[in-house]
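S.K.: predicted model, plus sequence, below.
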Amino acid sequence: MRGVASFADYFVICTGTSNRMLQALAEAVKDGLRKELRLKSRIEGDPDFGWVLIDAGDIIVHIFGPHERAYYNLEELWSKGRVVLQMQ
């Protein structure tokens with residue numbers, strides 16, 4: 001996102017298959033950011049609504065349910081950003 005958006009350098013976009021998985025992913029990411037990168041972060045959203053956002057300053061993590069990820073389609077919205085890593 002560097003050079004495309006002024007509010008973040010990186011977007012991480014992933015999908016969880018259940019509300020429980022969305023919550024577990026959010027907690028694991030927040031813990032990892034704190035322990036590995038020493039970054040403070042805030043969690044916004046709710047797994048019950050299919051979208052959890054973790055704001056760690058220059059890194060923003062979007063954790064979607066499958067339906068919500070397809071609906072919001074952030075990859076297309078921010079397509080001018082460079083893909084650093086893509087996993088399936």
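M.R.: Received, thanks.
S.K.: point out where the chain drops to low pLDDT.
M.R.: By pLDDT under 70, the weakly predicted segments of the chain are 1.
S.K.: and the strands in it?
M.R.: Along the chain, the stretches classed as strands by DSSP state E are 10-15, 42-46, 51-55, 59-64.
S.K.: list the buried residues in the third one.
M.R.: Buried positions in strand 51-55, judged by neighbour count with 16 or more other C-beta atoms under 10 Å: 51-52, 54. For the C-beta atoms, the positions are set from N, CA and C on the backbone; glycine is no exception.
S.K.: next, the angle strand 59-64 makes with that strand.
M.R.: If you take axes from the mean of the first three to the mean of the last three C-alpha atoms, to 10 degrees, strand 51-55 sits at 170 degrees to strand 59-64.
S.K.: strand partners (parallel or antiparallel) of strand 51-55?
M.R.: strand 42-46 (antiparallel), strand 59-64 (antiparallel) (DSSP bridges).
S.K.: and for the lengthiest helix in the chain, what's in contact with it?
M.R.: Criterion DSSP state H: the longest helix present in the chain is helix 19-37. With C-beta atoms under 8 Å, 6 or more residues apart in numbering as the test, helix 19-37 has contacts from 12, 14, 16, 39-41, 43, 47-48, 50, 52, 54, 56, 59, 61, 63-65.
S.K.: do that again at 7 Å, thanks
M.R.: The contact list for helix 19-37 (C-beta atoms under 7 Å, 6 or more residues apart in numbering) reads 14, 16, 39, 41, 43, 47-48, 52, 54, 56, 61, 63, 65.
S.K.: same thing with stretch 68-84?
M.R.: Under C-beta under 7 Å, 6+ apart, the answer for stretch 68-84 is 1, 4, 11, 13, 15, 50-51, 62.
S.K.: may I see the buried residues of that stretch?
M.R.: For stretch 68-84, by 16+ other C-beta under 10 Å, it's 68-69, 81.
S.K.: most packed of the strands paired with strand 51-55?
M.R.: Highest mean neighbour count of these: strand 59-64, a mean of 21 (counted as mean count of other C-beta atoms under 10 Å).
S.K.: as CSV, could you dump the C-alpha coordinates of it?
M.R.: Provided in CSV are the C-alpha atoms of strand 59-64 (Å, rounded to 0.1, in the frame of the first residue of the first chain):
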residue,chain,number,x,y,z
ILE,A,59,0.0,-2.6,9.0
ILE,A,60,-3.7,-3.2,8.7
VAL,A,61,-5.0,-6.8,8.9
HIS,A,62,-8.5,-7.6,7.5
ILE,A,63,-9.9,-11.0,8.6
PHE,A,64,-13.1,-11.8,6.7
